[in-house]
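Visitor: the sequence and its predicted three-dimensional model are supplied below.
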There are 4 protein chains.
Amino acid sequence: MIILLQCSDRVGLVADIARVMAEAGLNIISMREFVNTEEERFYIRIHIDARPDSKEIEQKLLAALPADTQIVVNPTPEKKVIVLVTKEYHCLGDILLRNFFNTFEASVQCVIGNYDDLRPLTEKFDIPYYYISHEGISKEEFESQILEIIAKYEHDYLILAKFMRILSPDFIARYPMKIINIHHSFLPAFVGAKPYRQAYQRGVKLIGATAHFVTNSLDEGPIIAQQIIPVNHSHTISNMVSLGKEIEKSVLAKALQFVFQDRVMVYKNKTIVFEN
Amino acid sequence: MIILLQCSDRVGLVADIARVMAEAGLNIISMREFVNTEEERFYIRIHIDARPDSKEIEQKLLAALPADTQIVVNPTPEKKVIVLVTKEYHCLGDILLRNFFNTFEASVQCVIGNYDDLRPLTEKFDIPYYYISHEGISKEEFESQILEIIAKYEHDYLILAKFMRILSPDFIARYPMKIINIHHSFLPAFVGAKPYRQAYQRGVKLIGATAHFVTNSLDEGPIIAQQIIPVNHSHTISNMVSLGKEIEKSVLAKALQFVFQDRVMVYKNKTIVFEN
Amino acid sequence: MIILLQCSDRVGLVADIARVMAEAGLNIISMREFVNTEEERFYIRIHIDARPDSKEIEQKLLAALPADTQIVVNPTPEKKVIVLVTKEYHCLGDILLRNFFNTFEASVQCVIGNYDDLRPLTEKFDIPYYYISHEGISKEEFESQILEIIAKYEHDYLILAKFMRILSPDFIARYPMKIINIHHSFLPAFVGAKPYRQAYQRGVKLIGATAHFVTNSLDEGPIIAQQIIPVNHSHTISNMVSLGKEIEKSVLAKALQFVFQDRVMVYKNKTIVFEN
Amino acid sequence: MIILLQCSDRVGLVADIARVMAEAGLNIISMREFVNTEEERFYIRIHIDARPDSKEIEQKLLAALPADTQIVVNPTPEKKVIVLVTKEYHCLGDILLRNFFNTFEASVQCVIGNYDDLRPLTEKFDIPYYYISHEGISKEEFESQILEIIAKYEHDYLILAKFMRILSPDFIARYPMKIINIHHSFLPAFVGAKPYRQAYQRGVKLIGATAHFVTNSLDEGPIIAQQIIPVNHSHTISNMVSLGKEIEKSVLAKALQFVFQDRVMVYKNKTIVFEN
């Protein structure tokens, strides 16, 4: 069982937590702890080798710890996810493969696309595909149709796997830190549309990709993982797009693994990721 | 001898150049050629195993090639450079070491600092150090004092090795594509001051450094080389500064080597770098 | 059309080649040339914007160049490949996805597995799957069954996408520089079986993967591409296997792209790869 | 104050340690803990914000923990080191610069060279240089002269900064896990002499460097840090040597920082490195 916990820092937190665990007869298999001394904030991830009463442990910890403690005890072991796509197959394909072979550490409930292009791929893997076009309707209407589909399925996270529509603040507000996007640039460089074109025009020597939680500020949510790849003068925009896809799928997969293994906490628009 | 040449592209350029070389009895040791098909621009770097009359070769090539041809025949084999610094030692130290052991592929003429902190280091290596404070005087006056020192020495390039003052357009205009700066971020992310603070606050998972030619637009000149290093939530700003220094000196060294070996051409604010 | 050519080096090769091209009225779009001065060997890759009579160009070039010239004029634009697998899906899955979306730059003819595990995946993409068990039969018999399948299909390359049987010298001799393998270590470290176990036991801080042509010497054929990923004390063998898969599929994809785009030449057990 | 501790794993270790700390009134600033579940071994690094009686804390911890506990309480905050060199300047130069500007986190006591080449550099920084030639004398005699110099200085570690002589088992046995070497290859590939030549001949696409503790088995001691850099067919051995030097100095600096900050433990020829 995993416990994720953050609170303001003070003397003796680890001892207090260890005591609660010991009193409950729980054995800590591994523990990752981090204190941001500048912000006086304490973060801990505890892995224990049992599945005791979550509610009880939570209450004991809350009683022992500072008032501002945020805690998740025993998060869902296998997350359920809904994937949103547009036309590009590389991230979705990677997800469907992992899902099919049970190495995704989550299960894909359905795929929603604002084009119908990725239906054949999705249906090969017996995953429901919903085509909801954004054309000829308002954003509100578009999103309400998406919400209707989402409502049909259990879901812990929404994954924007190269979904190329900007979601409204209202939509995003429903899923705080539950929407994960892959942006095709090394944020905060090249925010917004056509980042590879921007990168080409600026003549950068590295291009990147960024997986992040989605918040109201476009491309400005907490970053989970980033990766880069070298380029040079000989790369056309199209070469960059193609190279970029390799790291987009790779960095999204990595970020999702961190999230699905309950290794990520968020505070003030930044992530704490206990990688291993 | 090296020849660097760029012109608008057309059929038969390589054949025309090869013919001029053959007629002059010159043997091409190696040749790197690149065509930007989108911009219809042709670039070539030719290494020949002789030192013939540069002027004659240049004229023959100009006669055979498009009217917009830009050519450098037989650039100075060992560049002379002047280094400008502020207080940080890591880039200057690396340069002085290489210079002392003749692996710099250039020779340091003198060092100019707007603080006196790096005098002891510089003078250990018997390189003249000039302390020109920017305090209490106008930028114009500050720069005119620098120009006076520069005038005393032969120089092919000015290297801003963590020189933390912004130079005026007038100053920069005197040395087009002759001033090389190391910026402590992965440009175009975090332009301007305190990039590591910006990176920390944004919560990026990679930090970088960029070596570039200096133009009038701050931090927007043609990029020569970039490098990154992973960071995570546990890195303080001070840790990032410290890690960043390692890549700053490394990427500056790499960029300088490209420039000193005449591997870099510039067109429309972008570099073409024939790495090897 | 692409021309790949290698020969012993001498003065004027580029000029001679350029002349043959010009006389044939052919326009060179791009050209990559390399001379290994130590071995006095010349390599060139020429991209021309036409599809003239290959035989004629080949003969003209052979007439103009040294006697030891090896040349390929106009290699098959879209390669046909046969993929051999065992049980692991990650490389095959990546290949099938690219193949399905026409970004593989080759076409998969069939998949041969010494287990039947990957049949369901393969058949989703309407690619024939042949299960040929190695159990209970001699290597000779096993390979002769594989050869029978291969004979049914056109093929330019055989791809060993985590095929875990060692092929006999006789088998390999039939396909010189036509079999591409992905080895799950940074060769030449950890040759042979269970490289991740070896890496774990040695306590390395980086693990790697190597794509190479297969020759008679196990894991010692010419290397096409290599990649690494950092690990530390906290990674179990199983973590390493899992991380390693990410780079195995990535480096195999990269190597295949180089080969399919006719960017690779081989000389004396080493590759020359004109990356871009 | 830092505490480094390892022992066989059992239930409740963290709680026991936390209790000892709490009873002693000590506040844990940060703590990094790792359990190797396969080997059932527990490792912890504790940073506390005080300098209490080391002996007392050590005894209390030993009393509370398994019999096989290995513990270091309050290691020397600033290590003293002796550097051994041959002819190459790049690692020594980097060390001397950091030492001069107090960013080395250790202090260089003296430099011993088996050639006299690096005396001028060393003496610029007012560090004693001892030239002890290995020529014309036995290894025993050579090492006894080195030991004589070492005996004159306090020292926590010996750094082999491109020291190209193999030390005898007798010599090494005097300094268990106290000698740090930089090897110019990605170990275990290319053990022994001339690794860049070996790398060139094998045609690898990455070259590396490895910092490790020295044990009796040549190049087989516990690895502290490794780094790689891409190469291709165009790199001569001499290019590789030159590129390799950049990562040699960088990876040695990184490894030394880990060691000097007491982030490294060793068990069964492998390191546990608590990076941050």
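Guide: On my side now, so go ahead. Numbering: from 1, shown residues only, chains lettered A, B, ... in the order given.
Visitor: what angle sits between the top helix by length along chain A and helix C:237-260?
Guide: Using DSSP state H, we find that the single longest helix of chain A is helix A:237-260. With axes from the mean of the first three to the mean of the last three C-alpha atoms, to 10 degrees defining the directions, helix A:237-260 sits at 170 degrees from helix C:237-260.
Visitor: show me what the very next helix or strand once past helix A:237-260 pairs with in its sheet, parallel or antiparallel.
Guide: Reading on from helix A:237-260 to the C-terminus, the next helix or strand found by DSSP states H and E is strand A:264-267. When sheet partners are counted by DSSP bridges, strand A:264-267 sits next to strand A:270-273 (antiparallel).
Visitor: got a list of contacts for the strand it pairs with?
Guide: Strand A:270-273 is contacted from outside by A:6, A:34, A:43, A:213, A:222-225, A:258, A:263-266, B:202-203, B:205, B:232-233, using C-beta atoms under 8 Å, 6 or more residues apart in numbering or on different chains. The way it works is simple: take the backbone N, C-alpha and C, and place the C-beta from them, glycine included.
Visitor: drop anything exposed from these.
Guide: The neighbour-count test (16 or more other C-beta atoms under 10 Å in any protein chain shown) applied to the contacts of strand A:270-273 identifies A:6, A:34, A:43, A:213, A:222-225, A:258, A:263-266, B:202-203, B:205, B:232-233 as buried.
Visitor: which residue packs closest to A:K245, ignoring adjacent ones?
Guide: A:H90 (4.6 Å; C-beta to C-beta, 6 or more residues apart in numbering or on different chains).
Visitor: same thing with A:I44?
Guide: Per C-beta to C-beta, 6+ apart, closest to A:I44 is A:E33, 4.6 Å.
Visitor: can I get stretch A:14-21 as PDB, trimmed to CA atoms?
Guide: Provided in PDB are the C-alpha atoms of stretch A:14-21 (Å, rounded to 0.1, in the frame of the first residue of the first chain):
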ATOM      1  CA  VAL A  14       9.600  11.400  10.200                       C
ATOM      2  CA  ALA A  15       9.700  10.100  13.800                       C
ATOM      3  CA  ASP A  16       6.000  10.900  14.200                       C
ATOM      4  CA  ILE A  17       5.100   9.100  11.100                       C
ATOM      5  CA  ALA A  18       7.400   6.100  11.900                       C
ATOM      6  CA  ARG A  19       5.700   5.900  15.300                       C
ATOM      7  CA  VAL A  20       2.200   5.800  13.800                       C
ATOM      8  CA  MET A  21       3.300   3.100  11.500                       C
END
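Visitor: ok, back up a step: neighbours of the residue nearest to A:K245, how many?
Guide: Counted with other C-beta atoms under 10 Å in any protein chain shown, residues neighbouring A:H90 total 23.
Visitor: please report how far the residue in the stretch 1-150 of chain A positioned nearest to chain B lies from D:Q257.
Guide: Among all residues of the stretch 1-150 of chain A, A:F34 sits closest to chain B, at 5.9 Å; criterion: C-beta to the nearest C-beta. Here the distance between A:F34 and D:Q257 works out to 20 Å (C-beta to C-beta, to the nearest Å).
Visitor: quick check, the residue of the stretch 1-150 of chain A closest to chain B in a strand?
Guide: Yes. Counting by DSSP: H, G, I helix; E, B strand; the rest coil, A:F34 is part of a strand.
Visitor: does it really touch B:H233, like I thought?
Guide: Yes. If you go by C-beta atoms under 8 Å, A:F34 and B:H233 touch, sitting 6.5 Å apart.
Visitor: spell out which parts of the stretch 1-150 of chain A neighbour chain D.
Guide: The stretch 1-150 of chain A comes close to chain D at residues A:11-12, A:14-15, A:18-19, A:21-22, A:27-35, A:37, as judged by C-beta under 8 Å from any C-beta of the partner chain.
Visitor: so which of those residues are in helices?
Guide: Per DSSP H, the subset of the residues of the stretch 1-150 of chain A next to chain D in helices is A:V14, A:A15, A:A18, A:R19, A:M21, A:A22.
Visitor: one step back: in the sheet, who's paired with the residue of the stretch 1-150 of chain A closest to chain B?
Guide: A:Y43.
Visitor: how does chain A divide up, domain by domain?
Guide: A:2-73, A:78-175, A:180-276 (automatic domain parsing).
Visitor: deepest-packed of these, please.
Guide: domain A:180-276 (a mean of 21; mean count of other C-beta atoms under 10 Å in any protein chain shown).
Visitor: what are the ranges of the strands in chain A?
Guide: A:2-8, A:28-36, A:41-48, A:70-73, A:79-85, A:106-113, A:129-131, A:157-160, A:179-183, A:206-213, A:223-230, A:264-267, A:270-273 (DSSP state E).
Visitor: C-alpha coordinates for the last one, PDB please?
Guide: Below are the C-alpha coordinates for strand A:270-273, written out as PDB (Å, rounded to 0.1, in the frame of the first residue of the first chain):
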ATOM      1  CA  LYS A 270       5.300  22.300  -9.300                       C
ATOM      2  CA  THR A 271       5.600  18.600  -9.100                       C
ATOM      3  CA  ILE A 272       7.600  16.500  -6.700                       C
ATOM      4  CA  VAL A 273       8.400  13.200  -8.500                       C
END
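Visitor: quick one: average confidence on it?
Guide: Strand A:270-273 carries an average pLDDT of 96.
Visitor: roughly how far out does that strand sit from the chain middle?
Guide: Distance of strand A:270-273 from its chain centroid, counting by C-alpha atoms, centre = their mean, to the nearest Å, is 11 Å.
Visitor: OK, contacts around the residue nearest to the spatial centre of chain A?
Guide: Centrality entry for chain A: nearest residue to the mean C-alpha point is A:I180, 3.9 Å, by C-alpha atoms, centre = their mean. Residues near A:I180 by C-beta under 8 Å, 6+ apart: A:157-160, A:211-214, A:224, A:252, A:255-256, A:259.
Visitor: check the gap between it and chain C for me.
Guide: 18 Å (C-beta to the nearest C-beta, to the nearest Å).
Visitor: for A:Q145, which non-adjacent residue is spatially closest?
Guide: Using C-beta to C-beta, 6+ apart and skipping the chain neighbours, the partner closest in space to A:Q145 is A:I132 (4.8 Å).
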